[in-house]
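1. I'll drop the sequence and a predicted model, then ask my questions.
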Amino acid sequence: MTARIHPSVLSADFVNMEAALRTIVTADAVHVDVMDNHFVPNLTFGRQMVERIQAVSPIPLDVHLMIDDPDRWAPEYAATGAAGVTFHAEAATDAVELARELRARGAKAGVSLKPGTPIETIVDDLAEFDLVLIMTVEPGFGGQSFMPETMPKLQALAHIRERRGLAFDLQVDGGIAVDTIATAAAAGADVFVAGSAVFGGEDPAARISELRSLADAARA
Ligand SMILES: O=C(CO)[C@H](O)[C@H](O)COP(=O)(O)O
Ligand SMILES: [Co+2]
């Protein structure tokens, strides 16, 4: 399958969101970062904004929840009609139960690991998730540098996925750009979040296709 590119609207103009969404219609989904100023030291927006993005976006929503107590809040985001909802393993009380709840509400269930969180946290429960997000920066801010030391986790999960015949997607988020995407693709990633690389340039659509080609070449 072709590499999938999910631009992060964290790097878009929040007061011109609808216009920003029109520049990325060739992407596979739009990545929407929800931050609560508790789980991470930054604040973005909540369910009301996600509902509006869902209402006007021509492409599906991939919601990344960087919030405390996702057990309580994540199902509400699935109810917006988002295609996928990803919560952090570090913040969840019962990741398996929460993933089942998200799937029951019609969303793909994603679980995310910060750079310092080992895959052992989730490795016995991989069949419960549609997506595993390996953070390639510390969550909280766009425009940070890619952390290559996270690649062994990606390689290990890609290996386990193949050995067990599982079908979850492997997503990377943070510092993904033209000079780093091949590294993540070669390590096994299929879904690539890119914020500043897409919205920081002149031509988001051209950057999306460039990133996709670079990832496909590295995966081949
Ligand atoms: O989850 C995130 C930050 O916590 C963002 O999705 C991510 O940082 C995207 O920004 P960039 O591509 O500029 O690193
Ligand atoms: Co994100």
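-> Looks like it arrived, so ask away. Residues are numbered from 1 along each chain as shown. Ligands and ions are numbered 1, 2, ... in the order given.
2. in this structure, which residue sits nearest ligand 2?
-> The minimum distance from the chain to ligand 2, using CB to the ion, falls at residue 64 (3.7 Å). No exception for glycine: its C-beta is placed from N, CA and C like everyone else's.
3. list the contacts of stretch 192-202.
-> 3-12, 20, 23-24, 27, 31, 62, 64, 142-143, 171-174, 176-178, 181, 184-185, 204, 207-208, 211, 215 (CB atoms under 8 Å, 6 or more residues apart in numbering).
4. got the buried residues for stretch 64-83?
-> 64-68, 70-71, 73-75, 77-78, 80, 82-83 (16 or more other CB atoms under 10 Å).
5. and this structure, which of its residues are near ligand 2?
-> Contact residues, the chain versus ligand 2 (CB under 5 Å from the ion): 33, 64, 173.
6. and ligand 1, which of the residues you listed reach it?
-> 33, 64, 173 (CB under 6 Å from any ligand atom).
7. re earlier: in helices, which of the buried residues of stretch 64-83 appear?
-> Judged by DSSP state H, the buried residues of stretch 64-83 include 70-71, 73-75, 77-78 as members of helices.
8. low pLDDT regions in the protein?
-> Scanning the chain for pLDDT under 70 picks out nothing.
9. ok, which stretches of it are helices?
-> Using DSSP H, helices in the chain cover 17-22, 47-56, 70-78, 95-104, 151-164, 181-186, 196-199, 204-219.
10. quick one: name the residues of this protein near ligand 1.
-> For the chain, the contact set with ligand 1 under CB under 6 Å from any ligand atom comprises 8, 10-11, 31, 33, 64, 66, 137, 139-144, 173-176, 193-197.
11. buried ones among those?
-> Buried among the residues of the chain next to ligand 1 (16+ other CB under 10 Å): 8, 10-11, 31, 33, 64, 66, 137, 139-140, 142, 173-176, 193-197.
12. so the closest residue in space to residue 88 that isn't next to it in sequence bridges to which residues?
-> Among residues not flanking residue 88 along the chain, residue 112 sits closest, at 4.9 Å (CB to CB, 6 or more residues apart in numbering). As for beta bridges, residue 112 partners with residue 88, residue 133 under DSSP bridges.
13. count of neighbours near residue 112?
-> For residue 112, the neighbour count with other CB atoms under 10 Å is 25.
14. how about the backbone phi and psi for the nearest residue to residue 117 once chain neighbours are set aside?
-> Distance criterion CB to CB, 6+ apart; nearest residue to residue 117, sequence neighbours excluded, is residue 90 at 5.8 Å. When read as degrees, to the nearest 10, the backbone of residue 90 gives phi -70, psi -20.
15. would you mind confirming that residue 90 is in contact with residue 114?
-> Yes. Residue 90 lies in contact with residue 114 (CB atoms under 8 Å); the separation is 6.0 Å.
16. pick out whichever of those two has more residues nearby.
-> Set residue 90 next to residue 114 and count neighbours by other CB under 10 Å: residue 114 wins out with 20 against 17.
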